[in-house]
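In: Quick one, fold the following:
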Amino acid sequence: MISKGFQKKLLNTMFKEINLNNWFSELKFWLTDSKFRTYKRLDKFLANQPISDELQKVALDLEKKYPEFDERIIEIIKFVTKKVNYAIDQDTYGKLEFWAEAYKVYSNERDDCDGINSLIHVLALLSGVPNELLYSTIGNTMYGGHYYLIYLSPKTGKIYSIDGTYFVDKTKIVDRKPFVLNKDKYTKIWYVFNPMGVWKSNV
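Out: Numbers count the residues shown, from 1 in each chain. Next comes the predicted model:
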């Protein structure tokens, strides 16, 4: 388990090239059920997920087949986007906004950006990808608000978007361009989070 101080330094290093720095930890609650006005802490949403036996088995199989993190995270994107179709919450749950746990997204085989990308995050964690390498991210894109992931490659030392919905990219990490903020895709980051905490940049 890494310290909060180390985590802050790591985030500053990760996002240095896109001029995001001075990260601070924050307790952030997010609307996860619009019908019942339910809010959950972002970090606890990931940390307190119930896990089905089938989801655990999928994660262990991915870990065995793909020992390197860079390869595994791309194979997880491939698996999830093949298994789960994009659908808005109104069609799937009869609610304007609903964040389902990963095992429900997996069994329903349909969800929106928060469901599909949180399933990718949970599968990555279950398969052994360390917390400090993967961050769920909430921010703006050219299409509006979005939930996606940012991955720190231990091989390249660069960060990359991991996105199973708006901007799906199944290219090998080594062949991809690092993550940037720009007007064509991801325009602003509001929060990054994983089971260790929630962080926001002062910039």
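In: what's around Thr156, how many residues?
Out: 13 (other Cβ atoms under 10 Å). Every C-beta, even on glycine, is put in place using the N, C-alpha and C of the backbone.
In: does it count as helix, strand or coil?
Out: coil (DSSP: H, G, I helix; E, B strand; the rest coil).
In: any idea how far it lies from Arg176?
Out: 9 Å (Cβ to Cβ, to the nearest Å).
In: what about this protein, any weak spots by pLDDT?
Out: Per-residue confidence for the chain (pLDDT under 70) gives these ranges: 1.
In: the strands in it, which residues?
Out: For the chain, the strands defined by DSSP state E cover 23-25, 29-33, 38-41, 85-86, 110-111, 134-141, 144-152, 159-162, 186-194, 197-201.
In: how far out from the middle of the chain is the fifth one?
Out: With Cα atoms, centre = their mean, to the nearest Å as the basis, strand 110-111 stands 15 Å off its chain's centre.
In: Pull the contacting residues for the closest residue in space to Asn22 that isn't next to it in sequence.
Out: Leaving aside its chain neighbours, Asn22 sits nearest to Asn202 (3.7 Å; criterion: Cβ to Cβ, 6 or more residues apart in numbering). Asn202 is in contact with 21-24, counting by Cβ atoms under 8 Å, 6 or more residues apart in numbering.
In: In the chain, mark out all the helices, start to finish.
Out: Remark: helices assigned in the chain by DSSP state H are 4-14, 42-47, 53-65, 69-83, 89-93, 102-108, 113-126.
In: Return the most buried member of those helices.
Out: helix 113-126 (a mean of 25; mean count of other Cβ atoms under 10 Å).
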